[in-house]
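Trainee: Coordinates for the following, if possible.
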Amino acid sequence: MFSKLIKTLSELDREESAREVENLLEQGVDPFKIIEKGVMQGMDIVGERFESGEYFLPDLLRAAKAVEACSSIIKPLLREDQNSNKGTIVVGTVAGDIHDLGKNIVIATFESGGFKVVDVGVDVPIEKFIEAVKKENASILGMSALLTVTMVEMEKVIKALRSDPDLEKVKVMVGGAPVDQEYSDKIGADAYGRDARQALIKARELTN
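Mentor: Residues are numbered from 1 along each chain as shown. Here you go, the predicted structure:
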């Protein structure tokens, strides 16, 4: 069912990807499933091709445009709890990493669940994460990484966060293609989001 969307996204075809999302929605497919089984799978392939040297920075930018086109169609359908406010989540991609493919989908999903989301962007230094968490009085900090070489930045941010007595209650979530539960546990994160829906479930658990 999702093979065509995965293929068009992994081949960086923005128009065909958006068209396939519309086709799936017309067939009555759950928007969350389109994200999980289609968009995220396509992005995983893009990430693998980037790490292997098959894709380069311009290809990542094309992939981001394709995901943006898909997200703009799906996002309005995810707003199930838009009138509620379950807290604030600061989200960003760690220093050295410019990927925002998965991050933007996760942000849309968080917003659908009633959270206020502050996107601090990509290639975010430690200080910017800490500053945003304080400024926004966030209850959760979410970090993503596409590259294995940038994963180490997550641990640095967590250490900085934990060393600040004013931020003791802030929870940390991590995710991204190279991240798994074992790594999340190792660096002291409070939760790991395997995909967008799991990230929303974990965020709700952390704020209940």
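
Trainee: From the structure, what's the count of residues near G28?
Mentor: Per other CB atoms under 10 Å, the neighbour tally for G28 reads 6. All C-beta spots, glycine's among them, are computed from the backbone N, C-alpha and C.

Trainee: actually D166, sorry about that
Mentor: Using other CB under 10 Å, the number of residues around D166 comes to 9.

Trainee: And the closest residue to it other than its chain neighbours, how close does it get to E15?
Mentor: Distances taken as CB to CB, 6 or more residues apart in numbering place K134 nearest to D166, at 6.9 Å, with adjacent residues excluded. K134 sits 42 Å away from E15, going by CB to CB, to the nearest Å.

Trainee: So what does G193 have for phi and psi?
Mentor: Main-chain dihedrals, G193, degrees, to the nearest 10: phi -100, psi 110.

Trainee: Bridged to V172, which residues?
Mentor: Per DSSP bridges, the residues bridged to V172 are L141.

Trainee: Spit out the contact partners of it.
Mentor: Residues in contact with V172, defined by CB atoms under 8 Å, 6 or more residues apart in numbering, are 140-143, 157-158, 161, 188-191.

Trainee: Would you list the buried entries among these?
Mentor: 140-143, 157-158, 161, 189-191 (16 or more other CB atoms under 10 Å).

Trainee: Would you tell me which one of the contacts of V172 comes nearest to S71?
Mentor: G142 (16.6 Å; CB to CB).

Trainee: Looking at the protein, which strand is longest?
Mentor: strand 116-124 (DSSP state E).

Trainee: Point out the other helices and strands that that strand packs with.
Mentor: On a contact count with 3 or more CB pairs under 8 Å, 6 or more residues apart in numbering; DSSP states H and E, strand 116-124 meets strand 88-94, helix 101-112, helix 126-136.

Trainee: can you give me the offset of it from its chain's centre?
Mentor: For strand 116-124, the separation from the chain centroid amounts to 10 Å (computed by CA atoms, centre = their mean, to the nearest Å).
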